[in-house]
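S.K.: Provided below are the primary sequence and the corresponding predicted coordinates.
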Amino acid sequence: MTFNIEKYVILTYARWARDFQYYNELYHELKKPQEKINSNESREIKDDGFPIQLVESLLDEQYEKFQTNFQKIFLQMDSRIQVNDTLFEKFTVLRKTHLRATIWKRSGTEITLRGYLTDLSYLGKFIDNTVEEIKKQNFKIISIKNAINAKKKIMWKTEEQLCIILKLNKLGFLEIEMISCDLDLLIEKNEIYNLLNDLLSKLDPEDLKNT
């Protein structure tokens, strides 16, 4: 069986988003025995020219480093996220039909979402949906040719303010930064989670299957 290149690409996306749960799942799928070359075949290059052994070695090295770094991140963040565990324990990962995203609190005033495709064939539709949605929601578009870059400010009735910066590149890497002096209050009221979940649902509007 040939190496699943698409799955490997998605694994690199999960690593970028620090989505260890899905990264771990994909890693073990790629490491299944049936994904490896038979012992009587070349261990360097398969008949299609793809260097399986080299990629497997790289995969193992990346996995070990990512696992170590991920554990360090959580140890460093534990003291800062205990108060807001409803966001960071229950809602760290958002899943849609073609997308996954992680939510991270970077500081007392900033949250970052990193979203990526789990279905590479959805890239064109994803970009089109994003362009359409930021226009509907009256984002200020900074750039839209090479990569989407837009921002928007929100004022709630309770006077909490939130600045949203959205970036999407040609590979489908979505990054949303949310900055507010009232961040803890917005997290406590679930405003952050609801806003991000609703936005992703509009960028990937198909019903999530098998949940």
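M.R.: Received it, and whenever you're ready, just let me know what you need. The structure presented is a predicted model; accordingly, all values stated were derived computationally and were not measured.
S.K.: helix or strand with the lowest mean pLDDT in this protein?
M.R.: helix 85-88 (a mean of 46; mean pLDDT, DSSP states H and E).
S.K.: contacts only, for the residue nearest to residue 19 when sequence neighbours are not counted.
M.R.: Nearest residue to residue 19, sequence neighbours excluded (Cβ to Cβ, 6 or more residues apart in numbering): residue 102, at 5.0 Å. C-beta: built from backbone N, CA, C; applies to glycine. The contact partners of residue 102, taken as Cβ atoms under 8 Å, 6 or more residues apart in numbering, are 17-19, 92-94, 113-115.
S.K.: let's see that with 10 Å instead.
M.R.: Shown in contact with residue 102 (Cβ atoms under 10 Å, 6 or more residues apart in numbering): 14, 16-22, 92-94, 112-116.
S.K.: next structured bit after the least confident helix or strand of the chain?
M.R.: Toward the C-terminal end, the helix or strand that comes next after helix 85-88 (DSSP states H and E) is strand 93-95.
S.K.: buried ones in that next one?
M.R.: Neighbour counts over strand 93-95 (16 or more other Cβ atoms under 10 Å) mark residue 94 as buried.
S.K.: quick one, strands of this structure?
M.R.: Remark: strands assigned in the chain by DSSP state E are 93-95, 99-105, 110-117, 140-143, 148-155, 161-168, 174-179.
S.K.: TSV for the ones you listed, including distance to residue 124 and mean pLDDT?
M.R.: TSV is the format used below for the strands of the chain (distance: least, Cβ to Cβ, whole Å; pLDDT from 0 to 100):
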stretch	distance to residue 124	mean pLDDT
strand 93-95	21	90
strand 99-105	14	90
strand 110-117	11	94
strand 140-143	19	91
strand 148-155	13	94
strand 161-168	12	95
strand 174-179	14	95
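S.K.: just the buried members of the contacts of residue 102?
M.R.: Buried residues within those, defined by neighbour count using 16+ other Cβ under 10 Å: 14, 17-20, 22, 92, 94, 112-116.
S.K.: which one of those is nearest to residue 138?
M.R.: Of all the buried ones among the contacts of residue 102, residue 138 sits closest to residue 113, with 19.6 Å by Cβ to Cβ.
S.K.: could you list the low-pLDDT ranges of the chain?
M.R.: Applying pLDDT under 70 to the chain flags residues 1-3, 33-56, 69-91, 207-211.
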